[in-house]
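Student: Here is my input; please provide its structure:
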Amino acid sequence: MLPALLQNAGRIHEYVTEILRESGGTIEIKGPWFANMDMLVTCDPANVDHILSRNFENYPKGPHFRKIFHVVGDAMINVDSELWELHRRTTTPLMNQANFRTWLERNVSEKMENGLFPVLEHYALQGSHIDLQEIFQRMAFDISCQQFLDKDPDSLCVDPTGDHPFRGAIRDAVNAILYRHIIPERCWKLQKYYGIDREKKLSEADRAFDNFLYPILEEKTEQLNKTQQPHNSGSDSGMLTSHIETHRGKSMKFLRDTFLTLIIAGGDATASALTWFFLLLAQNPQVEAKILHEILQLKQNKLIRIFKVEECQKLTYLHAAFCESLRLFPPIPLNHKTPMEKDILPSGHVVTPNTQIIMSFYSMGRMDTVWGKDCMEFKPERWISPDGGIKRQPSYKYPVFNAGPRSCIGREMAFTMVKMIAATVICHYQFQLVEPHHPQVLITDSIILEKKHGLKVKFSKRK
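Tutor: Residues are numbered from 1 along each chain as shown. The predicted structure follows:
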């Protein structure tokens, strides 16, 4: 099987989807006997439900996962047991507070007003094209840093002097991590030892993360230590202050790992979701027209420049279109697990502690056995219930935000950011693709689903 995997390495998500369709949703991949590459790949909802929910205790992150994701250290996505429980107890309540949502609305609004609008106005007046994926990545990065670190890097501007080193480091890191899933551990460990190829870039990225995060953490810690009264780590404090107060006694590296993960998840994953959403709108103008009609009905004669959370909650068709976009292009396209003990999956496959299990969420959204014969169509109507609300789907069938106890805690943050940005942009601007049509969408080799070569569009003011 190795030659076929290598031949299709540049289109790995599509190739995996093809072989899963042919094999009924689950396939065992055998590598060379010396490479420790044997794995089971599945997009069967019953298997996903079993692994992520019903038999959750048998599928911890485990040491192999920690090796692959060592760059995020003791972050929530990388730990088990007591440390994971600690993260959930402290981070989840903070993100569910009303103040967190208020700050998010403010940060998104300010970034659109001071960053996105000037950039779009500039390119609209020039009549030149723009890489919308790059714009969304810069914007989401700035918002995430402001939201979690109370620090705006201002990477989104009309004439940027260059890329922020942290953003470049994220790209190098997620690329190397994807290949750690695929190539034998011995190979990438040798690359790391000798400092070559992707592992060299990953080591450099690790240092870039440290250089950006540690000064911010140390400055805030020093400020808090100088104050006479301890800050309230509850509703009146920002995420950075609250975490430092809550985790006093924990190492600075623990905080670094925590905020690195929050920024990557809140920034790059959201930018990915926005990019694919606008690509699908450009390819399906009838859907964009329905969203615009819904926006104009809500707006009527009101002077709305930026759509806030309360207004976005009334845009049902926009919400449905975003759900449909995530089904076809989940920002995190796969999940990786290894069982602690021997187990039999609902599909009948036997897995052991030596079995690497890859759950392809990208493939699941493209299975006609799961979503019907029209699974490859961009069809927001499939999310509209008979009463006009949003139709709910079980998380094991729609694991865009993972499923079970480890479901993503940033779901509401993602929906808030995307709907505010999308509604505002669609209301004020028209856009069209300027790139040649490819029968197949090209995807970068990364654990975050990004469009290869960006998303080139032209903007014009909507009359």
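
Student: and S203, how many neighbours?
Tutor: 17 (other Cβ atoms under 10 Å). From N, CA and C alone the C-beta is placed, and that goes for glycine too.

Student: so how far is S53 from it?
Tutor: 36 Å (Cβ to Cβ, to the nearest Å).

Student: what does the model give the closest residue to Y15 other than its chain neighbours for pLDDT?
Tutor: Leaving aside its chain neighbours, Y15 sits nearest to N8 (3.7 Å; criterion: Cβ to Cβ, 6 or more residues apart in numbering). N8 carries a pLDDT value of 81.

Student: C-terminal to the host helix or strand of K220, what's the next element?
Tutor: In this assignment (DSSP states H and E), K220 forms part of helix 197-226. Downstream of helix 197-226, the first helix or strand assigned by DSSP H and E is helix 239-246.

Student: which parts of that following helix are buried?
Tutor: For helix 239-246, a neighbour-count test (16 or more other Cβ atoms under 10 Å) marks M239, L240, T241, S242, H243, I244, E245, T246 as buried.

Student: Closest to R89 out of these?
Tutor: T246 (9.1 Å; Cβ to Cβ).

Student: close enough to count as contact, that closest one and T90?
Tutor: Yes. If you go by Cβ atoms under 8 Å, T246 and T90 touch, sitting 5.0 Å apart.

Student: Grab the most central residue of this protein for me.
Tutor: Nearest residue to the geometric centre of the chain (Cα atoms, centre = their mean): A269, 2.3 Å.

Student: With adjacent residues omitted, what lies nearest to it?
Tutor: Nearest to A269 is P331, by Cβ to Cβ, 6+ apart, at 4.0 Å.

Student: I'd say that neighbour and G267 touch.
Tutor: No. Look at P331 against G267 with Cβ under 8 Å: they stay out of range, at 10.7 Å.

Student: which one of these two has more residues nearby?
Tutor: A direct count of neighbours by other Cβ under 10 Å for P331 and G267 places G267 higher, at 27 against 24.

Student: Next, the contact list for that one, please.
Tutor: Contacts of G267 were listed using Cβ atoms under 8 Å, 6 or more residues apart in numbering, and they are Q137, A140, F141, I143, S144, C145, I170.

Student: residues contacting the first one?
Tutor: It stands for Q137. Contacts of Q137 by Cβ under 8 Å, 6+ apart are R167, G267, D268, A271.

Student: From Y15, how far off is it?
Tutor: Distance from Q137 to Y15, by Cβ to Cβ: 26 Å.

Student: Likewise for the fifth one?
Tutor: When distance is defined by Cβ to Cβ, S144 is 32 Å away from Y15.

Student: what's next to stretch 213-226, contact-wise?
Tutor: 149-151, 230-231, 240-241, 244-245, 252, 255-256, 259-260.

Student: CA atoms only for it - export them in CSV, please.
Tutor: C-alpha atoms of stretch 213-226 as CSV (Å, rounded to 0.1, in the frame of the first residue of the first chain):
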residue,chain,number,x,y,z
LEU,A,213,4.3,34.3,24.1
TYR,A,214,6.8,34.3,27.0
PRO,A,215,7.4,38.1,27.0
ILE,A,216,3.6,38.7,27.1
LEU,A,217,3.1,36.2,29.9
GLU,A,218,6.0,37.5,31.9
GLU,A,219,4.9,41.1,31.6
LYS,A,220,1.3,40.3,32.7
THR,A,221,2.5,38.1,35.6
GLU,A,222,4.8,40.9,36.7
GLN,A,223,2.0,43.4,36.6
LEU,A,224,-0.2,41.2,38.7
ASN,A,225,2.5,40.5,41.2
LYS,A,226,3.0,44.3,41.7
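
Student: how far is that stretch from where the chain is centred?
Tutor: The chain centre lies 28 Å from the centre of stretch 213-226; the measure is Cα atoms, centre = their mean, to the nearest Å.

Student: any idea of the angle the longest helix along the chain forms with helix 239-246?
Tutor: Using DSSP state H, we find that the single longest helix of the chain is helix 252-283. Relative orientation of helix 252-283 versus helix 239-246 (axes from the mean of the first three to the mean of the last three Cα atoms, to 10 degrees): 150 degrees.

Student: mind listing what's buried in helix 252-283?
Tutor: By neighbour count with 16+ other Cβ under 10 Å, helix 252-283 contains the buried residues 254-282.

Student: Heading C-terminal from it, find the next helix or strand.
Tutor: helix 285-299.

Student: now for that next one, which elements pack on it?
Tutor: In terms of contacts (3 or more Cβ pairs under 8 Å, 6 or more residues apart in numbering; DSSP states H and E), helix 285-299 is packed against helix 252-283, helix 316-328, helix 411-428.

Student: got those helices as TSV, with mean pLDDT and distance to F459 columns?
Tutor: Compiled in TSV, the helices and strands packed on helix 285-299 are given as follows (pLDDT from 0 to 100; distance: least, Cβ to Cβ, whole Å):
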stretch	mean pLDDT	distance to F459
helix 252-283	92	11
helix 316-328	97	19
helix 411-428	94	9
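
Student: Determine how far the host helix or strand of A176 lies from the middle of the whole chain.
Tutor: Assigning secondary structure by DSSP H and E places A176 in helix 165-182. Its chain's C-alpha centre lies 14 Å from the corresponding centre of helix 165-182 when counted by Cα atoms, centre = their mean.

Student: buried set for the helix or strand bottoming out on mean pLDDT in the chain?
Tutor: Least confident helix or strand of the chain, by mean pLDDT, DSSP states H and E, is helix 2-7 with a mean of 79. Applying a neighbour-count criterion of 16+ other Cβ under 10 Å, one finds L5 buried in helix 2-7.

Student: again with stretch 398-413
Tutor: Neighbour-count burial for stretch 398-413 flags 398-404, 406, 408-410, 412-413 (criterion: 16+ other Cβ under 10 Å).

Student: Going by neighbour count, list what's buried in the helix holding K220.
Tutor: 198-199, 201-206, 208-209, 212-213, 216-217, 220-221, 224.

Student: With stretch 186-195 instead?
Tutor: For stretch 186-195, by 16+ other Cβ under 10 Å, it's C187, W188, Q191, K192.

Student: How many neighbouring residues does the residue lying closest to S446 once chain neighbours are set aside have?
Tutor: Nearest residue to S446, sequence neighbours excluded (Cβ to Cβ, 6+ apart): V174, at 4.5 Å. For V174, the neighbour count with other Cβ under 10 Å is 20.

Student: okay, V174: pLDDT?
Tutor: 83.

Student: my read: it touches P333, true?
Tutor: No. Here V174 lies out of contact with P333, judged by Cβ under 8 Å, at a distance of 11.3 Å.
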